[in-house]
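**Student:** Sequence plus predicted model, see below.
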Amino acid sequence: MYLSANGGDHWVTLSESGYIPSSQAMDVAEGQEVYLASGNNVDLFWVFDYTVTDSMGPLFWDMWHWPDTSYPGPYEIRINIKDEGYGLWEETLKLYWHRGHDPQGHHAPHGDPSWTELDLSAVNDTTYFTNIPIQGDTGIISYYAYGMDNLLFESFFPESAPEDTVYHFHLRFDDGVSDGGSEIARPRVFYLGQNSPNPVIGSTEISYALPKGGRVGLSVYNITGELVRILLDEPQSPNWYTVTWDGRDDRGKSVASGVYFYRLTVPDHSMTRKMIVLR
């Protein structure tokens, strides 16, 4: 048994047996059209004088809030999302961002072309992420999350976004070090970014930041912990870096599909992240 709340454009499974379980019993608002399908047959039902029992959109929590920074990006944003009713419509899960912030909270409405849309990709059952791209100069980055459930109820995070409140952080490239007459903003924290693209089909880029110099190692491991490829093992100065992995091992052979890890190490710190390879 399948249900659609938008005339059949999007369907959610109620039951594989043809019966609607009591845990998913639904009343609909007066005059709302609801389509129920069983097999290849579709029937149209009208239900009056009731209210929707699942009237809440997705639940958002724990979205990463970037502090003011001199790091030029990319800026990874993670957020937890779930729906207690008929489930998330994952294709609608988005992060919207733009440069600029009104301290009075007067932002462009949702759907305004000034907001750039990014897809939120699943990390696990409740965690999703995306990356706000690298920025070239100082400014303020504002962002918020949006999504719908399978009954087309929508949610924003923060709840009053975007007109009243959004997350934001300042980019301040004001403590640079000279390099041949140009000013380069020095990273303030040790950072290893999520590889992009992920999953990896061909090659992928790994970005990281070094607040101080030293010998740096960057290696790829398979899910059993076996070393697959040494990407870097050399001294480096404080700066932002990007390394490309071509999806091959130390013998030049393309690795198989599966889960892999990459680890960045410096004399007093290390960080590891997971990535997926698809062939």
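**Tutor:** Yes, it's here.
**Student:** can you tell me which residues contact residue 95?
**Tutor:** Residues in contact with residue 95 (CB atoms under 8 Å, 6 or more residues apart in numbering) are 77, 79, 117-118, 120, 130, 132, 143-146. Quick note: C-beta positions are derived from backbone N, CA and C, even for glycine.
**Student:** How about the secondary structure of it?
**Tutor:** For residue 95, the secondary structure call by DSSP: H, G, I helix; E, B strand; the rest coil comes out as strand.
**Student:** Could you number the chain from 808 rather than 1 from now on?
**Tutor:** In the new numbering, first residue 808, that becomes residue 902.
**Student:** And the pLDDT at it?
**Tutor:** With respect to pLDDT, residue 902 has a value of 96.
**Student:** go on, the one 5 residues further on?
**Tutor:** You'll see residue 907 listed with a pLDDT of 82.
**Student:** What strand or helix carries the closest residue to it other than its chain neighbours?
**Tutor:** Nearest non-adjacent residue to residue 907, counting by CB to CB, 6 or more residues apart in numbering: residue 947, 5.9 Å away. Taking DSSP states H and E as the criterion, residue 947 maps to strand 946-956.
**Student:** residue nearest the centroid of this structure?
**Tutor:** Closest to where the C-alpha atoms of the chain average out (CA atoms, centre = their mean) is residue 936, at 1.8 Å.
**Student:** List the contacts of that one.
**Tutor:** Residue 936 touches 883-886, 927-928, 930, 1001, counting by CB under 8 Å, 6+ apart.
**Student:** and the closest residue to residue 956 other than its chain neighbours, how many residues sit next to it?
**Tutor:** Leaving aside its chain neighbours, residue 956 sits nearest to residue 890 (4.5 Å; criterion: CB to CB, 6+ apart). Using other CB atoms under 10 Å, the number of residues around residue 890 comes to 20.
**Student:** Would you mind confirming that residue 1019 makes contact with residue 1045?
**Tutor:** Yes. Taking CB atoms under 8 Å as the definition, residue 1019 is a contact partner of residue 1045 at 5.4 Å.
**Student:** picking up where we left off before, flag every buried residue along the strand holding residue 947.
**Tutor:** 947-956 (16 or more other CB atoms under 10 Å).
**Student:** got it, and stretch 1024-1034?
**Tutor:** 1025-1027, 1029.
**Student:** Now, those that are in strands?
**Tutor:** 1025-1027, 1029 (DSSP state E).
**Student:** Tell me the one of the residues you listed nearest residue 1075?
**Tutor:** For those, the residue nearest residue 1075 by CB to CB is residue 1025; the value is 16.1 Å.
**Student:** Chain neighbours aside, what residue packs nearest to residue 939?
**Tutor:** residue 882 (4.2 Å).
**Student:** ok, that neighbour to residue 905 distance?
**Tutor:** According to CB to CB, to the nearest Å, residue 882 stands 13 Å off from residue 905.
**Student:** Which neighbours do these two have in common?
**Tutor:** residue 948.
**Student:** So which bits of stretch 1045-1054 are buried?
**Tutor:** In stretch 1045-1054, counting by 16+ other CB under 10 Å, buried: 1046-1048, 1050, 1052, 1054.
**Student:** Could you count how many residues lie near residue 874?
**Tutor:** Neighbour tally, residue 874, other CB under 10 Å: 9.
**Student:** wait, I meant residue 891
**Tutor:** Neighbourhood size, residue 891 [other CB under 10 Å]: 10.
**Student:** Test my guess that it contacts residue 866.
**Tutor:** Yes. Here residue 891 lies in contact with residue 866, judged by CB under 8 Å, at a distance of 7.1 Å.
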